[in-house]
Structure formats: structure tokens, C-alpha cells
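**Q** what follows is a protein structure lacking sequence information:
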């Protein structure tokens with residue numbers, strides 16, 4: 001798949017990102033996506049029982065399968081703010097709806113930032129006319145910048161493909177660096193599709209590909225209160241994609257998976273304080289559930305993650321994490337490989353490759369292959385190490 005210049009935009013969508021004054025130092029903190037006509041939409045949201053106000057409002061509005069605009073603020077999560085938080089989210093959306101001339105319920109809110117602080121909705125409402133005026137097809141970078149919190153970079157994936165002489169464009173934008181082990185999505189992610197797509201198919205595409213991308217990453221094992229992934233398809237005139245059986249449907253299926261996969265990887269690479277990208281690949285598990293349990297437990301183990309940060313070839317920590325995962329296996333049959341170099345066979349350490357093994361864990365990217373020798377199922381989880389910098393970032397987050 002080929003990329004396209006971001007300034008070309010995605011057919012049917014306008015983007016904006018400005019500084020509204022939610023953050024200090026004039027940083028961008030208010031983003032907007034506008035459909036040039038009503039879009040089909042699908043969403044998945046955090047499974048945390050503590051849900052932010054915008055998640056509650058957004059989920060209800062996206063459930064109808066159509067929206068016109070998405071309003072995103074950073075610097076304030078609008079979480080644990082009670083009924084006033086719901087009212088603030090609705091007020092901000094109402095201002096956008098009034099400005100672009102649509103019903104309030106066609107504008108969906110998303111927020112990210114500090115928990116427990118009232119959303120400054122009056123500040124947002126005041127900035128909305130300027131935000132809408134700034135919306136343009138090529139302003140994807142401004143939008144991507146406006147939704148960041150502790151991220152060190154924007155995360156944008158623009159892809160295009162030709163189908164029967166027509167161009168399909170898909171562009172994904174995400175933010176996320178900490179509180180990443182979502183069990184459904186990541187902090188915030190938005191994927192715009194430049195062709196009309198049937199609402200039922202759009203929902204199926206999102207559910208299918210979230211499971212194998214955003215649901216397979218971890219930075220710190222903590223689930224956010226604000227997690228949200230929205231998949232939006234253009235409402236502009238054109239042939240609607242209605243089935244996986246069509247050529248356009250198959251291509252779109254591949255494009256959405258690739259977009260989400262790249263965004264998920266970017267989030268882990270940009271994990272708070274991360275110095276290593278670690279791929280945990282569990283193979284030959286007794287069931288899919290066992291493969292997932294094993295991969296997730298190892299990927300989230302603080303002892304495993306800190307060992308990789310310290311470039312310590314500590315295979316015992318991996319076996320310990322496996323044993324507590326709930327996956328079915330016999331330790332005497334387990335094999336471990338580090339970047340293809342075998343370190344454990346039949347649950348016991350091999351000593352002939354120790355120098356190579358110690359050297360390979362100093363690399364920036366490490367593939368840990370865990371062979372349970374218990375069946376035929378597999379699962380891949382992407383994670384990162386846990387460093388001193390992670391502690392510093394999160395110790396100083398609100399102070």
C-alpha cells in the first residue's frame with residue numbers, strides 16, 4: 001500500500017487543530033473533524049467501569065451509525081466530573097453543531113488529559129468559531145497535534161489504493177503514550193475512509209481489526225477512562241462499499257487493518273519513557289484463549305519489562321509470568337527464543353548461546369518467541385520496556 005501526501009486530505013472530510021487555552025504555553029488543545037456531509041460511523045470504547053463523560057455522550061451518538069463531526073480536546077479528560085461533565089461535553093458539541101448548522105446529536109465529543117478537573121466548556125465554546133473556520137482538508141497534522149498529551153510525536157497513517165481505476169484513501173490519526181492496555185482500543189484513535197461504506201459493514205470492520213491491533217498492545221497495563229476508536233466513512237456521493245466480497249471491500253478491509261496496525265505500533269514505540277519495542281509472540285498454545293493469556297501476562301509483567309530496560313537476560317521472569325497467566329502448558333515443554341536465538345528448551349536454560357543472548361537484549365527491538373508446545377494456536381502482543389523516565393513522567397503528571 002502506498003502513502004499519500006497528508007495535505008491532500010481525505011475526500012469528504014475537513015480537519016482542524018488550534019489552541020483554545022485549555023493547555024498552557026499556547027499548545028494546540030482543540031481538534032475537529034467535519035464531514036462535508038453526514039458520515040457513517042462506528043465506535044468502540046473503554047471497558048473501564050469508570051468512564052469519562054465524553055465517552056458516555058459519544059457512545060450514544062455514534063450508536064446511531066451516523067455523525068457529522070467529532071470534537072476532541074486534550075489537556076482535560078472530563079472524567080469523574082459527574083453530571084456537570086456530561087453537560088459540559090454536550091455544551092461544547094452544541095456550539096460546534098450551531099456553527100456548522102446541524103443537530104447537536106450529530107457532533108460526538110472526545111477528551112484526553114487530567115482526570116477529575118472540570119472541563120472548561122466556556123473556553124471551548126468561545127474557541128469554536130475559530131476552530132470551524134480553520135477546518136480544511138489538509139489540516140490533518142494540526143488535528144493530530146491538538147489531541148496529544150504526553151506523546152512525543154504525532155501519529156498519522158495515510159494510505160491509498162487503486163480499485164478499478166478509482167482511488168480509495170484511508171487516514172488514521174491516534175494519540176496514546178501511557179495508560180495503554182485498553183482491551184478494546186487505545187487512548188484516542190480516528191480513522192477516516194474517503195469512500196461511502198455501509199454502516200453495518202463499517203461496524204464489522206472496526207470490531208474485527210481493533211481486536212488484532214489496538215487490543216494487542218500494552219505500555220503499562222493500565223486501562224484509560226477515555227479510550228475511544230472511531231471509524232468514519234465519507235458521506236459524499238459515490239458507490240457505497242457494502243460487502244467484503246467485492247474487490248473494493250477486500251481492499252478496504254486490508255487498508256483498515258494496516259492503518260490500525262501501524263497506529264498501534266506507533267503508540268507502543270512512543271510509550272512513556274520507552275527505550276525498547278518488544279514483540280511477544282506466543283505459538284503452539286492449546287487454545288486461542290491460552291495464547292492470549294500467556295502473551296498478555298508476559299507483555300504486562302513489570303519484572304519482564306524492567307529486565308528488558310536493564311538489558312538483563314532474565315529468562316526466569318518470563319517463565320514466572322507464563323506460569324501465572326492461567327494458560328495451560330507444561331513447563332518442561334516450553335521453549336524461548338530471543339530474536340531467533342534459543343535461550344530455553346524444555347523449560348531449562350541453554351548455555352551455548354549466552355553471549356549472543358546477552359547481546360541481543362541490548363537491541364532496540366526484541367522479538368520474544370514463546371513456544372508452549374501445547375497445541376496449534378498463537379497470539380502476538382506488542383509492548384515496551386519500563387524505564388526510570390516512565391516513573392518520572394507519571395510522578396509529575398499533575399504536580
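**A** Cool, got the structure. This one's a predicted model, so the numbers in the text were calculated from it and none came from an experiment.

**Q** neighbours around residue 221, how many?
**A** By the criterion of other CB atoms under 10 Å, residue 221 has 17 neighbours. (Glycine included, C-beta is placed from N, CA and C.)

**Q** same check, this time on residue 129
**A** When neighbours are counted by other CB under 10 Å, residue 129 registers 13.

**Q** and residue 209, by the same measure?
**A** Using other CB under 10 Å, the number of residues around residue 209 comes to 24.

**Q** before we move on, what about residue 211?
**A** Residue 211 has 13 neighbours, counted by other CB under 10 Å.

**Q** can you tell me the SS state at it?
**A** The local conformation at residue 211, judged by DSSP: H, G, I helix; E, B strand; the rest coil, is helix.

**Q** which residues does it contact?
**A** Applying CB atoms under 8 Å, 6 or more residues apart in numbering to residue 211 gives no contacts.

**Q** ok, residue 171 - how many residues close by?
**A** Neighbour count for residue 171, taken as other CB under 10 Å: 25.

**Q** didn't it look like it was pressed against residue 155?
**A** No: using CB atoms under 8 Å, residue 171 is not in contact with residue 155, being 11.4 Å away.

**Q** what residue ranges in the chain score low on pLDDT?
**A** For the chain, residues meeting the criterion pLDDT under 70 lie at 178-186, 222-223, 397-399.

**Q** show me which residues of the longest helix along it are buried.
**A** For the chain, the helix with the greatest residue count under DSSP state H is helix 247-269. Using 16 or more other CB atoms under 10 Å as the test for burial, helix 247-269 gives 248-249, 251-253, 255-269.

**Q** quick one: the helices in the stretch 201-350 of the chain, in order.
**A** With DSSP state H, counting those that start in this stretch, the ranges of helices along the stretch 201-350 of the chain come out as 247-269, 288-300, 302-309, 315-323.

**Q** just checking, what packs against the last one?
**A** For helix 315-323, the contact count by 3 or more CB pairs under 8 Å, 6 or more residues apart in numbering; DSSP states H and E identifies helix 288-300, helix 302-309, strand 335-338, strand 341-345, strand 365-371 as packing neighbours.

**Q** okay, the angle between the helix or strand following the last one and strand 365-371?
**A** This points to strand 365-371. Using DSSP states H and E, the helix or strand that follows strand 365-371 towards the C-terminus is strand 377-384. Orientation check (axes from the mean of the first three to the mean of the last three CA atoms, to 10 degrees): strand 377-384 against strand 365-371 gives 150 degrees.

**Q** who touches strand 377-384?
**A** 216-219, 264-265, 268-269, 271, 274-288, 290-292, 294-296, 298-300, 305.

**Q** about what we covered before: just put the helices of the stretch 201-350 of the chain in a markdown table and tack on distance to residue 2.
**A** Shown next, in a markdown table, are those (distance: least, CB to CB, whole Å):
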| stretch | distance to residue 2 |
| --- | --- |
| helix 247-269 | 11 |
| helix 288-300 | 31 |
| helix 302-309 | 34 |
| helix 315-323 | 39 |
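
**Q** show me what the helix or strand hosting residue 57 is packed up against.
**A** Under the criterion of DSSP H and E, residue 57 resides in helix 53-62. Counting contacts by 3+ CB pairs under 8 Å, 6+ apart, helix 53-62 is packed against strand 30-45, helix 82-100, strand 107-114, strand 228-233.

**Q** between helix 53-62 and the last one, find me the angle.
**A** The directions of strand 228-233 and helix 53-62 differ by 30 degrees, with the same axes, to 10 degrees as the criterion.

**Q** what are the pairing partners of strand 228-233, and which direction each?
**A** Strand pairing for strand 228-233, determined by DSSP bridges: strand 30-45 (antiparallel), strand 188-193 (parallel).

**Q** deepest in the core, which of the ones you listed is it.
**A** Highest mean neighbour count among the strands paired with strand 228-233 (mean count of other CB atoms under 10 Å): strand 188-193, with a mean of 27.

**Q** got a list of what residue 335 touches?
**A** With CB under 8 Å, 6+ apart as the criterion, the residues that contact residue 335 are 342, 344, 345, 346, 370, 371, 373.

**Q** sorry, back to before: for ChimeraX, what selects the buried ones among the contacts of strand 377-384?
**A** Filtering the contacts of strand 377-384 down to the buried ones (16+ other CB under 10 Å) takes a single ChimeraX command:
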select :216,217,218,219,264,265,268,269,271,274,275,276,277,278,279,280,281,282,283,284,285,286,290,291,292,294,295,296,298,299,300,305
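
**Q** my guess is residue 304 contacts residue 321. True?
**A** Yes: at 5.6 Å, residue 304 and residue 321 qualify as touching, with contact defined as CB under 8 Å.

**Q** quick check: neighbours shared by these two?
**A** Common neighbours of residue 304 and residue 321 (CB under 8 Å, 6+ apart) are residue 298.

**Q** more neighbours, these two?
**A** Between residue 304 and residue 321, counted using other CB under 10 Å, the more crowded position is residue 304 (25 against 22).

**Q** show me what contacts the more buried one?
**A** By CB under 8 Å, 6+ apart, the neighbours of residue 304 are 298, 314, 317, 318, 321.

**Q** the closest residue to it other than its chain neighbours: neighbour count?
**A** Computed as CB to CB, 6 or more residues apart in numbering, the closest residue to residue 304 that is not its neighbour in sequence is residue 317, at 5.0 Å. Neighbour count of residue 317, defined by other CB under 10 Å: 18.

**Q** tell me if I'm right that residue 317 and residue 303 touch.
**A** Yes: using CB under 8 Å, residue 317 is in contact with residue 303, at 4.5 Å.

**Q** how much space separates residue 67 from residue 46?
**A** Computed as CB to CB, to the nearest Å, the residue 67 to residue 46 distance reads 19 Å.

**Q** please read the previous query as pertaining to residue 110.
**A** The gap separating residue 110 from residue 46 is 11 Å, by CB to CB.
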